[in-house]
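Asks: With the input below, show me the fold.
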Amino acid sequence: MRAVRGLPRKWTARAARWGLGLVGLVGLACQATYYDEYRARHPGWDGAFPREGASLEEVLAALHAPATHEGTRIAVDAIEIWQVDAGGASRIDFETLRRGDAQLAEGTDVAVLALRTCQAERGLETLSVPRVGYYLLPALRLSAYDHYDFGRICAVQSQFLAARGPALPLEQAAVARIASHYGRVPLDLSQLYRRGLGYLEAGRVRDAQAALTSGEPGFLETEARARRGEADAESFQEAARLRAQLMRALGVESRREATPAPR
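Replies: Okay, here's the model as predicted:
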């Protein structure tokens, strides 16, 4: 199987082993049906996602929503639903839950993982951009997430709400599962600093500090490239702004101001 742009080779290999090419085709055939079924049962639902307090059913429906940009296709390659408690984690079959053959008791803590791939044509090139996100539902209500949506020509748009309280064990389980089975999720500098700010909002100062520290090598490299005119000026300025915001919030003083990128 040929590796596609934006997809780590290890993901491509797993797709071949798991038959995800076929799964993707099946997903394309049924995703609108699942989404439309939920909308039919909830006529007042506007499809906005992610939304704090959303039910498990709403989360699964929203993940199967069709693309909103013309010429863009989104395939749901894999959905994992995990029940997490003090005894560990047990997987819940998506189709069994969808058919109503499995019922979850009130108070059940659930983590959902979704591997979704956006495809779009750019000239003669077919872009294929995968992202894996997680959705944490303590007591079956969405309270934290790492969500990736796709804009025009599959531009990645990330939304992050840090876990707190009862969602923390779910986050740990979800992050461990993603690391072991999907590999590292690509993050650009702006996404990383927004994540740090999200941690701060949740009162997780150490995680915010870790985000700032881990971004420094990449930031310094990008800054040097920006001075030479080799990096996108707008993207660098946005990253510099968010970095400065995170540093101020943490009470960290910069040794120097970031060098403005040439325009």
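
Asks: wouldn't residue 175 be in contact with residue 134 here?
Replies: Yes. Using Cβ atoms under 8 Å, residue 175 makes contact with residue 134 at a distance of 7.4 Å. Yep, even glycine has a C-beta here, placed from its N, CA and C like the rest.

Asks: Comparing the two, which shows the higher neighbour count?
Replies: More crowded of residue 175 and residue 134, by other Cβ atoms under 10 Å: residue 134, with 23 against 15.

Asks: Skip the chain neighbours and tell me the closest residue to the more buried one.
Replies: Distances taken as Cβ to Cβ, 6 or more residues apart in numbering place residue 174 nearest to residue 134, at 3.9 Å, with adjacent residues excluded.

Asks: For the one you found, which three-state class applies?
Replies: helix (DSSP: H, G, I helix; E, B strand; the rest coil).

Asks: try residue 82
Replies: strand.

Asks: picking that back up, OK, contacts around the residue nearest to residue 134?
Replies: Shown in contact with residue 174 (Cβ atoms under 8 Å, 6 or more residues apart in numbering): 82, 111, 113, 134, 136, 146.

Asks: any chance of those in TSV, plus secondary structure and distance to residue 48?
Replies: Shown next, in TSV, are the contacts of residue 174 (DSSP: H, G, I helix; E, B strand; the rest coil; distance: Cβ to Cβ, whole Å):
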residue	secondary structure	distance to residue 48
82	strand	25
111	strand	21
113	strand	21
134	strand	19
136	strand	18
146	strand	18
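
Asks: gap between the residue nearest to residue 134 and residue 212?
Replies: 23 Å (Cβ to Cβ, to the nearest Å).

Asks: So which bits of the helix or strand harbouring residue 199 are buried?
Replies: For residue 199, the element it lies in under DSSP states H and E is helix 189-201. Under the neighbour-count criterion of 16 or more other Cβ atoms under 10 Å, helix 189-201 has 189-200 buried.

Asks: Helix or strand: which one has residue 237?
Replies: helix 233-250.

Asks: Export that helix to PDB, keeping only CA atoms.
Replies: What follows is helix 233-250 as a C-alpha-only set of coordinates in PDB (Å, rounded to 0.1, in the frame of the first residue of the first chain):
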ATOM      1  CA  ALA A 233       5.300  34.800   8.000                       C
ATOM      2  CA  GLU A 234       1.700  34.800   9.000                       C
ATOM      3  CA  SER A 235       1.900  31.300  10.700                       C
ATOM      4  CA  PHE A 236       5.100  32.300  12.500                       C
ATOM      5  CA  GLN A 237       3.600  35.500  13.800                       C
ATOM      6  CA  GLU A 238       0.500  33.600  15.100                       C
ATOM      7  CA  ALA A 239       2.800  31.100  16.900                       C
ATOM      8  CA  ALA A 240       4.900  34.000  18.400                       C
ATOM      9  CA  ARG A 241       1.700  35.700  19.600                       C
ATOM     10  CA  LEU A 242       0.400  32.600  21.300                       C
ATOM     11  CA  ARG A 243       3.800  31.800  22.800                       C
ATOM     12  CA  ALA A 244       4.000  35.200  24.300                       C
ATOM     13  CA  GLN A 245       0.500  34.900  25.700                       C
ATOM     14  CA  LEU A 246       1.300  31.500  27.300                       C
ATOM     15  CA  MET A 247       4.600  32.900  28.700                       C
ATOM     16  CA  ARG A 248       2.800  35.900  30.300                       C
ATOM     17  CA  ALA A 249       0.100  33.600  31.800                       C
ATOM     18  CA  LEU A 250       2.800  31.400  33.300                       C
END
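
Asks: Strands along this structure, start to end?
Replies: Counting by DSSP state E, residue ranges of the strands within the chain are 72-85, 88-92, 110-122, 125-137, 144-150, 156-161.

Asks: Out of these, the one nearest residue 98 is which?
Replies: Closest approach to residue 98 among these is made by strand 72-85 (9.6 Å; Cβ to Cβ).

Asks: Partner strands of that closest one and their direction?
Replies: strand 88-92 (antiparallel), strand 110-122 (antiparallel) (DSSP bridges).

Asks: what comes up buried for that strand?
Replies: 72-84.

Asks: Now render those as a markdown table, adding pLDDT and distance to residue 155.
Replies: Output for the buried residues of strand 72-85, formatted as a markdown table (pLDDT from 0 to 100; distance: Cβ to Cβ, whole Å):
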| residue | pLDDT | distance to residue 155 |
| --- | --- | --- |
| 72 | 90 | 10 |
| 73 | 93 | 14 |
| 74 | 93 | 13 |
| 75 | 93 | 17 |
| 76 | 93 | 19 |
| 77 | 95 | 19 |
| 78 | 94 | 22 |
| 79 | 95 | 23 |
| 80 | 96 | 26 |
| 81 | 96 | 28 |
| 82 | 96 | 30 |
| 83 | 95 | 34 |
| 84 | 93 | 33 |
